[in-house]
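K.L.:
below is the structure, and that's it, no one-letter string:
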């Protein structure tokens, strides 16, 4: 064991204060094993278990109160994104079996990534992503993690507000039976996105603790469950093949299939599922699926507020959340694909609307999806605010003024992006292709490699070799995603398969 030495521990806790200062001389360093604790117990136990009577808190003085179920709701809501609308399109371009293989692989890799995060945080008693970066690589590591979290989550929030801006006016027009171009403020997407941000998103974002959002997260997941039920139901209501006029409107059938329909001949593949498919669009679906389980910035904040926390309990929450989303993703993709087959569009609800623009069920589903993405924005905003606090005001006491100002400033900037930069989605694509692989693959792996004591796991041990391989996989995914985006730009064709 290394000689005892004095080191500094920094912890960000939900009440906004940072507990820092020199550890006792007997405290373990990043390069030591479970060293002696003058108050008894290992570092991980002191950092994450509730403080026993008579023992002073060391890593956190915050007593988590969020239940297991509420934590599952919050993490599941963080995973669930608007990308579920594009998964049927992804299945159409991969085939059912290949899609299932890819989805399973991504879910397992995401669970392993969270395992690395939790194990790293347990070694040093830190439950802030940015502070893991600081512990591993100093200030550059902290800034890199904070920047990746900020860019990734701002891109995600902007995509959710884009959905509100584009879909809510159509829903209102349909409900009120208005003409498509009625010049009223309540059918203007720019006004509506501001109204929703001020009336719904901002009050939820001002909550001091993430755990309080468990109820809204549960309701949001209920809305997406309704979406899934509707997709399954419509599979047995929409005819296949579609009427020729509707098929032409969707615009996704080949010339040979259209000719076969006109001649009254069966079109091979038109209503038959494909199990393995490789085409020019298949490569675009891989990054979509790779980022379908992005929730890593929210894992440690949820862990911090968990009642009676332990690494095993948080891993169970993560695995259950990933499993629930895995089932919902696969069922939504499968029944959406089996409804339209090759005629499915990159945004599934658009396909239903073209088949029957006045379908009441699909209208209700649109409302449910709008509700779900609206209630997801506050969950995604929490890690961004924490990252900004880490960069700007790490050593300061909690301030309601700063807490409110950061949330208001973030929502203002995102609203301005959504209103005045309609073509910024390409930039968001670049952000997602760079920050998401860092947060899911690269950072958890290299933080684990640096933080895990070499006495416990040598550099050539199997866990560390696996972690390095995981980081390399992230680099390859980043290079692949950026290559697809550049090729897409150079060729002048926009291929959208949805995004997380």
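P.N.:
On my side now, so go ahead. The structure displayed is predicted, hence computed values, not measured ones. Residues are numbered from 1 along each chain as shown.
K.L.:
how far away from the center of its chain is the host helix or strand of residue 443?
P.N.:
Assigned by DSSP states H and E, residue 443 falls within helix 443-451. Put simply, helix 443-451 sits 21 Å off its chain's centre (CA atoms, centre = their mean, to the nearest Å).
K.L.:
which element follows that helix toward the C-terminus?
P.N.:
Next along the chain after helix 443-451, with elements defined by DSSP H and E, is helix 462-491.
K.L.:
now do that following helix against helix 443-451, angle only.
P.N.:
150 degrees (axes from the mean of the first three to the mean of the last three CA atoms, to 10 degrees).
K.L.:
mind giving me the packing neighbours of helix 462-491?
P.N.:
helix 96-124, helix 282-290, helix 425-437, helix 443-451 (3 or more CB pairs under 8 Å, 6 or more residues apart in numbering; DSSP states H and E). C-beta: built from backbone N, CA, C; applies to glycine.
K.L.:
report the angle between that helix and helix 96-124.
P.N.:
Using the same axes, to 10 degrees: helix 462-491 against helix 96-124 is 130 degrees.
K.L.:
quick check: residue 189 touching residue 168?
P.N.:
Yes - the pair residue 189 / residue 168 is scored as a contact, 6.7 Å apart, by CB atoms under 8 Å.
K.L.:
neighbour count for those two, which is higher?
P.N.:
Applying other CB atoms under 10 Å to residue 189 and residue 168 shows that residue 168 carries more neighbours, namely 22 against 18.
K.L.:
check which helices and strands the lengthiest helix in the chain is in contact with.
P.N.:
Using DSSP state H, we find that the single longest helix of the chain is helix 139-176. Contact here means 3+ CB pairs under 8 Å, 6+ apart; on that basis helix 139-176 packs against helix 129-137, helix 189-196, helix 296-304, helix 360-392, helix 400-420, helix 425-437, helix 443-451.
K.L.:
report the buried residues of the helix holding residue 443.
P.N.:
Neighbour counts over helix 443-451 (16 or more other CB atoms under 10 Å) mark 443, 444, 445, 446, 447, 448, 449, 450, 451 as buried.
K.L.:
ok and it relative to helix 139-176, angle-wise?
P.N.:
160 degrees.
K.L.:
give me the mean pLDDT for helix 443-451.
P.N.:
Average pLDDT, helix 443-451: 93.
K.L.:
other SSEs contacting that helix?
P.N.:
helix 96-124, helix 129-137, helix 139-176, helix 462-491.
K.L.:
most tightly surrounded among these?
P.N.:
helix 129-137 (a mean of 25; mean count of other CB atoms under 10 Å).
K.L.:
for the stretch 151-300 of the chain, which spans come out with low pLDDT?
P.N.:
179-182, 210-212, 243-269, 283-284 (pLDDT under 70).
K.L.:
distance to residue 150 added to the helices and strands packed on helix 139-176, as TSV?
P.N.:
Listed next are the helices and strands packed on helix 139-176 as TSV, based on distance: least, CB to CB, whole Å:
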stretch	distance to residue 150
helix 129-137	10
helix 189-196	21
helix 296-304	9
helix 360-392	5
helix 400-420	9
helix 425-437	8
helix 443-451	14
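K.L.:
residue 223: neighbour count?
P.N.:
19.
K.L.:
so it makes contact with residue 366?
P.N.:
No - if you go by CB under 8 Å, residue 223 and residue 366 don't touch, sitting 10.6 Å apart.
K.L.:
which residues do those two both contact?
P.N.:
When CB atoms under 8 Å, 6 or more residues apart in numbering defines a contact, no residue borders residue 223 and residue 366 alike.
K.L.:
outside of the helix holding residue 443 itself, list whatever touches it.
P.N.:
When contacts are defined by CB under 8 Å, 6+ apart, helix 443-451 is touched by residues 30, 113-114, 116-117, 119-120, 123-124, 129, 132-133, 135-137, 141, 144-145, 148, 296, 459, 464, 467-468, 470-471, 474.
K.L.:
measure the residue nearest the centre of the chain to residue 142 for me?
P.N.:
Taking CA atoms, centre = their mean, the centroid of the chain lies closest to residue 294, which sits 3.5 Å from it. In this view, residue 294 and residue 142 are 20 Å apart by CB to CB, to the nearest Å.
K.L.:
related to what we said a few turns ago, out of the helices and strands packed on helix 443-451, flag the one nearest residue 340.
P.N.:
Of all the helices and strands packed on helix 443-451, it is helix 96-124 that lies closest to residue 340, at 14.0 Å by CB to CB.
K.L.:
what average pLDDT does the closest one get?
P.N.:
On average, helix 96-124 scores 90.
K.L.:
all set now, cheers.
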